[in-house]
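Asks: Build the 3D model from these lines:
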Amino acid sequence: MATIPIVVKHQGTKYDVEVDPDSTGEVFKFQLYSLTGVEPERQKIVIKGGQLKNDTPMTKFDFKPGQSIMMLGTPGKDGKEALVRPKEQVKFVEDMTEAEAAQQEGAIPAGLTNLGNTCYLNSTLQALRAIPELQAALVKYEPQESTPPSLLPQLDLTKQLRDLYRYMSETQNAFTPHTFLAALRTAFPQFAERSRTGPGFAQQDAEEAWSQIVTQLRQKLRVTEAPGSAAESFIDKYMAGEFASELECDEPAAKEAGEQPVTSKEAFLKINCHIDANTNHLRDGIANGLSEKLEKRSELLDRDAAYTKTSKISRLPKYLTVHFVRFFWKRETQKKAKIMRKVTFPHELDMVEFCDEKLKAMLVPVRDKVREVRKDEEDIERARKRRKRNGAGEDAGDAAGSKGNKKDSKKDDGKKPSTSADGDVEMTETYKTDAEIDAERDAALLAAKKELHALIDPELAKDDGANLSGLYELRGVVTHQGASADSGHYTAYVKKAAPVDAKTGKRKEEDGKWWWFNDDKVSEVTSDKIETLAGGGESHSALILLYRAIPLPSADGTLE
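Replies: Numbers count the residues shown, from 1 in each chain. Below you'll find the model as predicted:
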């Protein structure tokens, strides 16, 4: 469709503007921005036919050639010219150093070179790197000096992890982790085992590497909340949960003799998903792992007896590690075999049902309110998209929309119905505008978010390394391909982090894509690929899941 020439008046100046009927109000506002210097959000367009919004189609106003309209508004920065020269010179990617290019938004992260059956380590390191708080804590880490030195600096695993992640952040090429691997094999000689079937080193279990690295970090890496406060273990704060367990004898004779259940508290660094013939979903495997049968000596019976240990979670960490117990020792072959059973797992995990009553009472109100806020946000977004699709800025609750949604759209102006000359009441209805409906919905949503934060238990709120809702989102997956822990191949999937808005400093919405780390090869995949990692054969199946507590919406609408 041909453009229509119109005249826009602003502060005594007339501007000739070509309006594209196929465009939207947002495009038109940017046209005026280029002419007047008034930012789109500061413009008020006086136009017959309705309010000009970003998503309003320009066809709505039926412009005539030569028609005049008026624009109100002044540029920001106290009326100074909004279009100013950038303070910093623009630098193109071609002119950047390798380190600068690697840190740009959307840059492909570095892979890791396989040094001979070291895919188990590469996948573990890539998944752990998905924890931004860990990277931030490592940057500040300095080895503790001792006299005489108890550990050479090059053998300090935490220092080597710090340096490794720094090097990886400065390149998009594959990095070779020689020094870290040497430190790992020195600290844990099992990873230096030679292959029995050929030259080089043997394949190892990624879960064992994960556990040993996390254990070392637990001992070495400490963080401080505020100046003057006591330092605490990073792992204990962000990755360690707590079980409240009860051990009870199964034999009636022990109960009759007066033996009481024994309760205890113990920390955990991972949740095991035990797989049996009835395990189809992650939830089933977690439930299996929280009930354990064992045999121990009963003092009252003066002999060994059967006991059941039942555990409930009394603290949920911000980052939860879930381990699929797929490997077991097979006597016939004298090696670890793999359970091939398909076990599905969710992108969002609800752990509330596995918590003890005290923690559950704290989490349930917050969890339920989070879901309510999410539904409200989805409803609002759906209504706005519907209006945009309709093209006239109207939905079921707008002035020209369906009258079946009068609950939201009907306006109560406080006036009584008027009467006609014959005494009958005249039936009139007034509907709210889009802007009024949006404002009411946004206000209600903001109030719900404030209510959400008021529901957080003060005791739980003090623990900033804990999960406040019981809900987790999947951030990383370590997979294994093959039939045995002594062979096969490991890879890692890490969800792409949301980019940061350069103007506001806040994170934008994520695109739902993932990075797939296959040693030195790094590629982008969609979330559909994650659905295929449930197992069911020798193809890639999830071995380790890394979940992060969902960020709660703050009272101003951003994510915390």
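Asks: Report pLDDT for Phe28.
Replies: pLDDT, Phe28: 90.
Asks: Confirm it sits in a helix?
Replies: Yes. Under DSSP: H, G, I helix; E, B strand; the rest coil, Phe28 falls within a helix.
Asks: Please look at it and Met58 and confirm they touch.
Replies: Yes. If you go by Cβ atoms under 8 Å, Phe28 and Met58 touch, sitting 6.2 Å apart. From N, CA and C alone the C-beta is placed, and that goes for glycine too.
Asks: Could you check which of the two has the larger neighbour count?
Replies: Using other Cβ atoms under 10 Å as the criterion, Phe28 and Met58 rank with Phe28 on top: 24 against 19.
Asks: for the more buried one, what are its contacts?
Replies: Residues in contact with Phe28 (Cβ atoms under 8 Å, 6 or more residues apart in numbering) are Val17, Val19, Ile45, Leu52, Met58.
Asks: Mutual contacts of Phe28 and Met58, please.
Replies: Val19.
Asks: which non-adjacent residue is nearest Phe544?
Replies: Not quite, residue 544 is Ile, not Phe. Of all residues beyond its chain neighbours, the one nearest Ile544 is Val478 (4.0 Å), with distances taken as Cβ to Cβ, 6 or more residues apart in numbering.
Asks: Number of residues surrounding the one you found?
Replies: Close neighbours of Val478, defined as other Cβ under 10 Å, add up to 29.
Asks: list the contacts for it?
Replies: Ser123, Thr124, Ala127, Ala206, Glu207, Trp210, Tyr490, Thr491, Ala492, Ala542, Leu543, Ile544.
Asks: Check Glu377 too.
Replies: Glu377 touches Leu445, counting by Cβ under 8 Å, 6+ apart.
Asks: any low-confidence regions in the protein?
Replies: 1, 49-50, 77-95, 145-154, 333-334, 391-430, 500-508, 555-560 (pLDDT under 70).
Asks: Show me which strand runs longest in it.
Replies: strand 303-315 (DSSP state E).
Asks: Would you map the strands across the stretch 301-450 of the chain?
Replies: For the stretch 301-450 of the chain, the strands defined by DSSP state E, counting those that start in this stretch cover 303-315, 319-325, 327-330, 335-338, 348-350.
Asks: Return the most buried member of the ones you listed.
Replies: Among the strands of the stretch 301-450 of the chain, strand 319-325 has the highest mean neighbour count (mean count of other Cβ atoms under 10 Å), at a mean of 23.
Asks: if I look at the residue minimising distance to the centre of the chain, how far off is Pro458?
Replies: Centroid-nearest residue in the chain, with Cα atoms, centre = their mean: Glu473, separated by 5.4 Å. Distance of Glu473 to Pro458, computed by Cβ to Cβ, to the nearest Å: 25 Å.
Asks: same question, Asp302
Replies: On the measure of Cβ to Cβ, Asp302 and Pro458 end up 48 Å apart.
Asks: For Glu105, which non-adjacent residue is spatially closest?
Replies: Pro499 (4.8 Å).
Asks: tell me, how many neighbours does that neighbour end up with?
Replies: By the criterion of other Cβ under 10 Å, Pro499 has 13 neighbours.
Asks: That one reaches Gln104, doesn't it?
Replies: No. Look at Pro499 against Gln104 with Cβ under 8 Å: they stay out of range, at 10.1 Å.
Asks: quick one: the longest helix belonging to the chain to chain centroid distance?
Replies: Longest helix in the chain, counting residues (DSSP state H): helix 357-390. Here helix 357-390 is found 16 Å from its chain centre; the criterion is Cα atoms, centre = their mean, to the nearest Å.
Asks: ok, back up a step: which element is the residue nearest to Ile544 on?
Replies: Taking DSSP states H and E as the criterion, Val478 maps to strand 471-481.
Asks: cool, Asp464 as well?
Replies: Using DSSP H and E, no helix or strand contains Asp464.
Asks: Phi, psi for it please.
Replies: phi -80, psi 0 (degrees, to the nearest 10).
Asks: Wait, it touches Glu225, no?
Replies: Yes. Between Asp464 and Glu225 there is a contact under Cβ under 8 Å: 7.4 Å.
Asks: if we can go back for a sec, so which two of the contacts of Phe28 are the farthest from each other?
Replies: Val17 and Leu52 (13.0 Å; Cβ to Cβ).
Asks: out of the two, which sits in the busier spot?
Replies: Between Val17 and Leu52, counted using other Cβ under 10 Å, Leu52 has the larger neighbour count: 22 against 18.
Asks: Name the SS class of that one, please.
Replies: The local conformation at Leu52, judged by three-state DSSP, is coil.
Asks: wait, doesn't it sit right on Glu26?
Replies: No. Contact between Leu52 and Glu26 fails when scored by Cβ under 8 Å: they sit 9.6 Å apart.
Asks: tell me, how many neighbours does Glu259 end up with?
Replies: 17.
Asks: give me every residue that touches the residue nearest to the centre of the chain.
Replies: His347, Glu348, Leu349, Tyr547, Arg548, Ala549, Ile550.
Asks: and the gap between the last one and Glu348?
Replies: Distance, Ile550 to Glu348, using Cβ to Cβ: 7 Å.
Asks: how does the protein divide into domains?
Replies: 4-72, 108-144+151-240+317-355+470-499+509-560, 356-396+432-454 (automatic domain parsing).
Asks: and the strand holding Val478, which strands flank it?
Replies: strand 348-350 (antiparallel), strand 489-495 (antiparallel), strand 541-549 (antiparallel) (DSSP bridges).
Asks: Of all those strands, which one is nearest Lys449?
Replies: strand 541-549 (17.0 Å).
Asks: Just give the nearest non-adjacent residue to Glu208, would you?
Replies: Gln190 (7.4 Å).
Asks: I misspoke; the intended subject was Tyr319.
Replies: Counting by Cβ to Cβ, 6+ apart, the residue nearest Tyr319 is Met239, at 4.8 Å.
Asks: From what I see, the one you found and Val322 are in contact.
Replies: No. Using Cβ under 8 Å, Met239 makes no contact with Val322, being 12.0 Å away.
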